[in-house]
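1. Sequence below, structure please.
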Amino acid sequence: MVARFRSVILLSLLSLVFTAFPACSGSSVSSSPSTSQATASPSPTGPIGSSPDTSAQQGVGINGIQSAYVSSTAWLAGYDFNWNLKWKNTNALSGLLPGVNHFGDIAYYDGQLIAPAEYYYNCSSFGPTVLAVYNAGNGALTTWSDISADLHEASSVAVVPEKDQVVVSSFCDAYQGFTTLWVYNLNTLLNNPPGGVLTATTTIRMSIPVQFIQGISWNSTIGQFLASTVGGVAGNLWYIAPDGGVTGPAYVVPGTQSAELEGLDFTTDNVYYLENGYVTNIGAPVAAPSFSVSSGTYTSPQTVTISDANAAAAIHYTIDGSMPTAASPVYSAPIPIATTKTLKAIATVSGSVNSPMTVATFTIN
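-> Numbering: from 1, shown residues only. Coordinates of the predicted model:
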């Protein structure tokens, strides 16, 4: 978010030189040098690795093992799986609503990049706000929708294809004492004419205020969001259930919890985050723990064994309904359940993303 403040003065000066362009026209897209285009690239064989310095300050999107994308305050860029630059749109805000000066974190979906963009000065002065769609093959603007009527700042987007949804987060909600996600229809966004109005179909209120969200991403395999935040006490990355339930801290970024931690992508098996221009692949989360006894109603006490596919993992659990963290008790022996309890557990490995939380409620009659 510091990048947001650094860019305001420069963008204000530029606005005196450039006038608004017609919708979906005037994008300046530069490609990588012709020599690199002419060189045949090997086929990708595994996950995209960490990047060199991209100088991007806002977001990252990953297309499987094929390609990667970054957003900075006023430009977008596309890379191959080896982080060779394929294109860079240095005028990507052109054609959007007048005054829009700031991209947030982006999301890749089906050959397209979806980007929140807005006028941003600070959390007391933002908007208008749009959701813009770009061709992931060359960075050209294809359409955009005006979401200003919903009156929220937009820091990041996540695509939930199973529900035909685009979910938008807000950095500024932290000042309200709660955190809300805004849900828009994906199909409507992709097919809206440029400048069409789009309003949220619903909102998701988080169970606890995960503050200062810089990026959010949806993982279809585990059916949860992952959000990146600035200055978290228990973590910088957080798991969030579809109903807004915060299910656990996932990761603490090494070193100081920098105000430059920005977007992330968790659409593949691996987690990527952007900080100070570098995209880091921190690998896949630890596998979620398994319980030997399923949730249910029982007529006698139960004894629950917890295991994990990763033999090196430490399993942390709670039985009082609270959210487990790396500071929770470490599992070492089967757990007796004599009265009705909710058992929650996560698995951790040093340097890895924590597992999603496993939950079971045992009702003892």
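2. for the chain, what helix or strand is lowest in average pLDDT?
-> helix 34-38 (a mean of 32; mean pLDDT, DSSP states H and E).
3. pLDDT (mean, whole number) over the following helix or strand past it?
-> Moving toward the C-terminus from helix 34-38, the next helix or strand (DSSP states H and E) is strand 59-63. In this model, strand 59-63 carries a mean pLDDT of 98.
4. again, but for stretch 317-325
-> Rounded mean pLDDT across stretch 317-325 is 94.
5. So which residues of the stretch 251-365 of the chain form helices?
-> Here the stretch 251-365 of the chain has no helices by DSSP state H, counting those that start in this stretch.
6. So, low pLDDT: which residues of the stretch 201-350 of the chain?
-> Within the stretch 201-350 of the chain, the set of residues satisfying pLDDT under 70 comprises 209, 231-235, 255-260.
7. Let's see that with 80 instead.
-> Applying pLDDT under 80 to the stretch 201-350 of the chain picks out residues 208-209, 211, 230-235, 254-260.
8. Now do the same contact list for the residue nearest the centre of the chain.
-> Centroid check for the chain by Cα atoms, centre = their mean gives residue 216 as the closest residue, at 2.2 Å. Counting by Cβ atoms under 8 Å, 6 or more residues apart in numbering, residue 216 makes contact with 105, 156-158, 167, 169, 181, 225-228, 240, 264. Just so you know, the C-beta spots here come from the backbone N, C-alpha and C atoms, and that holds for glycine as well.
9. Quick check: it vs residue 132, distance?
-> Separation of residue 216 from residue 132 (Cβ to Cβ, to the nearest Å): 17 Å.
10. same deal with residue 91?
-> 13 Å.
11. Compare these two and say which one has the larger neighbour count.
-> For the pair residue 91 and residue 132, the greater number of neighbours falls to residue 132 (26 against 18), based on other Cβ atoms under 10 Å.
12. Is that one in a helix, a strand, or coil?
-> Following DSSP: H, G, I helix; E, B strand; the rest coil, we place residue 132 in the strand state.
13. Tell me the confidence at it?
-> Reported pLDDT for residue 132: 98.
14. Any idea what it is bridged to?
-> Judged by DSSP bridges, the bridge partners of residue 132 are residue 115, residue 144.
15. Quickly note the distance from it to residue 345.
-> Distance from residue 132 to residue 345, by Cβ to Cβ: 41 Å.
16. for residue 267, same thing?
-> 26 Å.
17. residue contacts, residue 150?
-> 129, 182, 199-200.
18. And the residues you listed, which is closest to residue 306?
-> residue 182 (36.7 Å; Cβ to Cβ).
19. residue contacts, that closest one?
-> Contact partners of residue 182, counting by Cβ under 8 Å, 6+ apart, are 147, 150, 152, 167-168, 170, 200, 203.
20. which stretch of helix or strand covers it?
-> Residue 182 belongs to strand 180-185, assigned by DSSP H and E.
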